[in-house]
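>>> Okay, sequence plus prediction incoming.
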Amino acid sequence: ADLDKELRSGGLVNLISAATGGYVAALSVSRTLVAFQSGGRTRLTGFIIAAVCGAAFVGAAGLVAYMPRAVLAGLLLAMGLGLLYDWLVAGYRRLHREDYAVVVLILGTTVAFGFAPGVAVGMLAACAAFAFNYARTHVIRQELSGKEVRSAFERSAGDREILDRHGAELLVCRFQGYLFFGTAYAILQHLRRRLAQPEAPRVIALDFTAVQGLDTSAVVTFQKLRQIAARADCKLVFAAMDAQVSKELEGAGCLARDAQAVEVLPDLDHALEWSEDRILDRHRVCSPQHDDGMDRWLAAEFGDLAAAERVRAVLERRTYGTGDYVFREGDPSDSLYLVESGRVSVVLGGNGTPIRLHTYLGGTVVGEMGLYTTEPRSASVVADEPAVLLRLSAKAFAALAANDPVLANALHSLVVRILAHRLAGANAEKAALKRLGTLI
């Protein structure tokens, strides 16, 4: 049966009854149970009961006196014993220990003090049992290090090497459920232990994507976590908070940005990017590779400057302003692009809120699958800032393969290396997500 529909129907009937001077009616579990056990399995049962009540209303109430009292007593006794058996005997095997203890407590209170105290004690005990059980649920859905998960930001080879060596300085905690006093303390203790370890994280990214809300004690917990992290010289990044969670933490001063000790970002991907930048700032000893120029990068990829010049000869140089699209989702796939300077992002879902899939700086390739699949573009590429890209069309690539097959094969190898690197990163993250389940 559709319980929601039944309750709505009952409410509508009560409104009509009250408007016409009738009595208030309510669903009765005990009477429904008696009717069901007596064989009333169809809606005809309700009409029969209504007919009996109607007959009593018009003057046939005296017929009830002819009903044997033993039958009525037996009916009440059978109903009571049935409920006791269902909850005390069968419930012992069906219910969890905490829930069964609540049932016994309700029964004992009702017998000793009456129905109303039994209801009150039962409600309090049920609330306490719920809080106790919910406190044992896993609120840290996943915990990953910077070696196991990366942002969608495509780094240079040198930066990737730094993140491979020092990625453990980033700790990512992905929360879930409702954070309250029973679960917030476990979060605080867990992160306190992590910060007390010899190789403690320098940045902790807190992902609130799956958080449904938090209470005052959880807010106090994040205040304490902020203080503990500051003493450990660790930065906190709050990511993907909804408006209510953000408002409560902001009101408590948890999100105050002082000396970059705390950062607030719209999603986990941007939090990962910000955290990686902090790690690179600590360990990078020279400028990022994309500042060295396209010629240096091409020479490194193709072997020498002469090969780089031959590649440049078949490339079409294009400039884009901030917000300009290099290509859009659904466009024909007829070229690839080498990013010479600036910053571009691969985004999905141009009709609604775009989702950033990857971000690229100078010295990398985008749209490379267009030369191999000829399928329409599966995502859009947009310039985040003024950018210069070098376009290699399918026609120019075919001419290169015919006139300079060695260089064309080198370009194939470049694409394979790029795809292999991206696939390895995706596989590492997938393996980490499978290996690490919920923690606390």
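Cool, got the structure.

>>> Please make it C-alpha for all contacts and neighbour counts, starting now.
Noted.

>>> Next, the buried residues of the longest strand seen in the chain.
Counting by DSSP state E, the longest strand found in the chain is strand 203-214. Of the residues in strand 203-214, 203, 204, 205, 206, 207, 208, 209, 210, 211, 213, 214 count as buried by neighbour count, 16 or more other CA atoms under 10 Å.

>>> do the same with stretch 112-121
Those would be 118, 121, for stretch 112-121 by 16+ other CA under 10 Å.

>>> Show residues contacting that stretch.
With contact meaning CA atoms under 8 Å, 6 or more residues apart in numbering, stretch 112-121 is reached by 105, 106, 107, 108, 109, 110.

>>> Go again with 6 Å.
Stretch 112-121 is contacted from outside by 106, 109, 110, using CA atoms under 6 Å, 6 or more residues apart in numbering.

>>> Can you tell me which of those residues is nearest residue 278?
Using CA to CA, residue 106 comes nearest to residue 278 of these, at 56.7 Å.

>>> Helix or strand next in line after the host helix or strand of that closest one, which one?
If you go by DSSP states H and E, residue 106 is part of helix 97-113. Per DSSP H and E, the first helix or strand lying C-terminal to helix 97-113 is helix 115-135.

>>> okay, the angle between that next one and helix 97-113?
Put simply, helix 115-135 runs at 160 degrees to helix 97-113, going by axes from the mean of the first three to the mean of the last three CA atoms, to 10 degrees.

>>> Just the CA trace of helix 115-135, in CSV.
Provided in CSV are the C-alpha atoms of helix 115-135 (Å, rounded to 0.1, in the frame of the first residue of the first chain):
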residue,chain,number,x,y,z
PHE,A,115,0.3,4.7,28.6
ALA,A,116,1.4,8.4,28.5
PRO,A,117,4.7,7.9,30.4
GLY,A,118,5.4,4.9,28.2
VAL,A,119,5.0,7.0,25.0
ALA,A,120,7.2,9.8,26.5
VAL,A,121,10.0,7.4,27.6
GLY,A,122,9.8,5.5,24.3
MET,A,123,10.3,8.7,22.3
LEU,A,124,13.3,9.8,24.5
ALA,A,125,14.8,6.3,24.3
ALA,A,126,14.3,6.1,20.5
CYS,A,127,16.0,9.5,20.1
ALA,A,128,18.9,8.4,22.2
ALA,A,129,19.2,5.1,20.3
PHE,A,130,19.1,6.9,17.0
ALA,A,131,21.9,9.3,18.1
PHE,A,132,24.0,6.4,19.4
ASN,A,133,23.6,4.4,16.2
TYR,A,134,24.2,7.4,13.9
ALA,A,135,27.3,8.3,15.8
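
>>> and it, how far from the chain's centre?
30 Å (CA atoms, centre = their mean, to the nearest Å).

>>> Let me know the average pLDDT across it.
For helix 115-135, mean pLDDT is 85.

>>> Give the rounded mean pLDDT of the following helix or strand past that helix.
Using DSSP H and E, the helix or strand that follows helix 115-135 in sequence is strand 140-145. Mean per-residue pLDDT for strand 140-145: 88.

>>> May I have the strands that pair with strand 140-145, each with its orientation?
Paired strands of strand 140-145, with direction, are strand 170-179 (antiparallel) (DSSP bridges).

>>> so which pair among the buried residues of strand 203-214 is furthest apart in space?
Spatially, the most separated pair among these is 203 and 213, at 23.6 Å (CA to CA).
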